[in-house]
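Q: Could you look at this predicted model? Sequence included:
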Amino acid sequence: ELFEALFWLVAGPIADPGDPGMRWRGLLLCAMDGFQVRVPDIPANREYFGSSGTADNSSPYPQVRAVLIIAVADRATLGMEFGPSCDGEQTLTRRLVKSRPALFGKGRLILVDRNFPGFALIREIRERGAHLLMRLKSGIALPLVKALPDGSYASFLSDGACCIPVRVVEYDVLVPGRDGAEDELYALATTLMDWQAYPAGELCACYPDRWAVETVIGEDKSAITDAGSSRGPILRSASPHQVTQEMWAWITATQLVRIQGYRAIQAGRTAPLTAGRPQAPPVPARVSFTAGRREAVRAMTQTLAAAS
């Protein structure tokens, strides 16, 4: 409980959410995705968390599945939910929507990939006020209701009983492959229905920012690489209770590193300019997480302050 409380104390945007640089067309741009992390193969961990990839739970390591939501502009972690590997991303997200509705409040646009769109989940997020920009799988029906001047079209998602209005933008992406680059059709759906305020072309240009959450997850995992008995990201705890504590502590620590990076930027902006050409002020997303983490470790292990 202590480490979970500490996480929620530091979670949230690092920069001022009202800063125009934090927003896309007036909305706080957020991205959400899921990931898994291995834990030691202790019987208690395997029984509680299970593993992925095999039907008989025989994968080499038990795994925790988590969902992370971040602010794109400053890479800040806004919230997290996790559980056994059998918990799907939509299940974890619905749990987070229920426990932390403010994360999905008005004034936010959340970017998600193809694994997240589910009718019940989309409806629950919209009820909290946030909007979605999401890639859809090819099997989802998107009836043409009205073609719009920006190239998008009005449509809806349905569960058979009710509907959610969406706008759909379709475009081709050049995807590299073994046999050369190929065109792949992307179908984006958004709950932003005003085509003049949110043109199709800008939605297409905005969607790649979803990869910011992949960057955050990768950076976070770099902080636990080589933990345990094998190479690669793995937690150290030998019981489900300790794994739960370590999950909260781990993501709290990575958020604190990013907070310190942002403070370093603020300090640099007020420092006197050195000789030479003026430089553009750095932005939070360009601060090296690895450099920040190493400096944090150095400061704690090589401090000049005496114990007395």
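A: Sure, I can see it. Numbers count the residues shown, from 1 in each chain.

Q: Strands of this protein, start to end?
A: 23-24, 27-38, 63-71, 76-84, 108-112, 131-135, 146-147, 153-158, 163-175, 182-190 (DSSP state E).

Q: Name every sheet partner of the first one and say whether each one runs parallel or antiparallel.
A: Sheet pairing for strand 23-24, assigned by DSSP bridges, gives strand 27-38 (antiparallel).

Q: now the strand it pairs with and strand 76-84, what's the angle there?
A: Relative orientation of strand 27-38 and strand 76-84, computed by axes from the mean of the first three to the mean of the last three CA atoms, to 10 degrees: 40 degrees.

Q: just how off-centre is strand 27-38 within its chain?
A: 2 Å (CA atoms, centre = their mean, to the nearest Å).

Q: For the chain, which segments count as helices?
A: 2-10, 43-49, 89-99, 119-128, 200-206, 211-222, 240-270, 289-301 (DSSP state H).

Q: one step back: could you dump the strands of the chain into CSV with mean neighbour count and distance to residue 257 added?
A: All C-beta spots, glycine's among them, are computed from the backbone N, C-alpha and C. Shown next, in CSV, are these (neighbours: other CB atoms under 10 Å; distance: least, CB to CB, whole Å):
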stretch, mean neighbour count, distance to residue 257
strand 23-24, 18, 24
strand 27-38, 22, 17
strand 63-71, 24, 14
strand 76-84, 22, 11
strand 108-112, 25, 23
strand 131-135, 22, 28
strand 146-147, 10, 48
strand 153-158, 17, 39
strand 163-175, 16, 33
strand 182-190, 15, 32
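
Q: out of the ones you listed, nearest to residue 232?
A: strand 27-38 (7.3 Å; CB to CB).

Q: per-residue confidence averaged over that closest one?
A: For strand 27-38, the mean per-residue pLDDT is 96.

Q: Give me the below-cutoff pLDDT ranges for the protein.
A: Applying pLDDT under 70 to the chain flags residues 228-230, 269-282, 303-308.

Q: got a list of what residue 189 touches?
A: Residues near residue 189 by CB atoms under 8 Å, 6 or more residues apart in numbering: 117, 132-136, 142, 155, 157, 166-169.

Q: out of those residues, which one sits closest to residue 103?
A: Of the contacts of residue 189, the one sitting nearest to residue 103 (CB to CB) turns out to be residue 132, at 13.2 Å.

Q: ok, for residue 201, nearest residue in space, not its chain neighbours?
A: residue 150 (7.1 Å; CB to CB, 6 or more residues apart in numbering).
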